[in-house]
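S.K.: sequence? don't have it. structure:
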Ligand code: INI
């Protein structure tokens, strides 16, 4: 059970343009994260025509793709979605840590909200639990976080 719910009531996001970058690895999970993110954006009044989607091979490719999207200067926020499931090798740790570091770096370097929607789980069951059609969906959570950050920065 998630301990955090974004403040859903009061977003100032009219006209916002958002890029979603989604990894194809574990695609059955990441497509559900994408559905969750799109649901949340549309529910908060973001026009479908203001949401652009870019698919990349795996989580490791997310940071560079987010950076490319940021540098178009088109978007108010970017949402990065991926899923890394722990296997028997250290590969999991390398992919997770580099993806996490890279996404954080893009946000700071590009001065843009980049929401971190990377599921990192021990097994498929945990990944399914966090990508279903409910408020535990981490894609939805990432989208709400992006909206909150856009809204917050408009107040500054
Ligand atoms: N990429 C993922 O998105 N999830 C994974 O679980 C995963 N595992 O387990 O290896 C994964 N690896 C691929 C990686 O993200 C890159 O696409 C690849 O290394 C090529 O750069």
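M.R.: Received it, and whenever you're ready, just let me know what you need. Not measured: the values here are computed from a predicted model.
S.K.: Can you pull the residues of the chain lying near the ligand?
M.R.: Within reach of the ligand by CB under 6 Å from any ligand atom, the chain has these residues: 23, 25-26, 57-61, 82-85, 87, 91-92, 95. Every residue, glycine included, has its C-beta placed from N, CA and C.
S.K.: Please identify which pair of these lies farthest apart.
M.R.: 61 and 87 (18.4 Å; CB to CB).
S.K.: if we can go back for a sec, which entries within the residues of the chain next to the ligand meet the buried criterion?
M.R.: Buried subset of the residues of the chain next to the ligand (neighbour count, 16 or more other CB atoms under 10 Å): 23, 25-26, 58-61, 82-85, 92, 95.
S.K.: give me the residue from the chain nearest the ligand.
M.R.: Closest contact between the chain and the ligand, by CB to the nearest ligand atom, is at residue 58 (2.3 Å).
S.K.: and the nearest residue to that residue once chain neighbours are set aside, backbone torsions?
M.R.: Once flanking residues are discounted, residue 58 sits nearest to residue 25: 4.1 Å by CB to CB, 6 or more residues apart in numbering. Torsion angles at residue 25 (phi, psi; degrees, to the nearest 10) stand at phi -60, psi 140.
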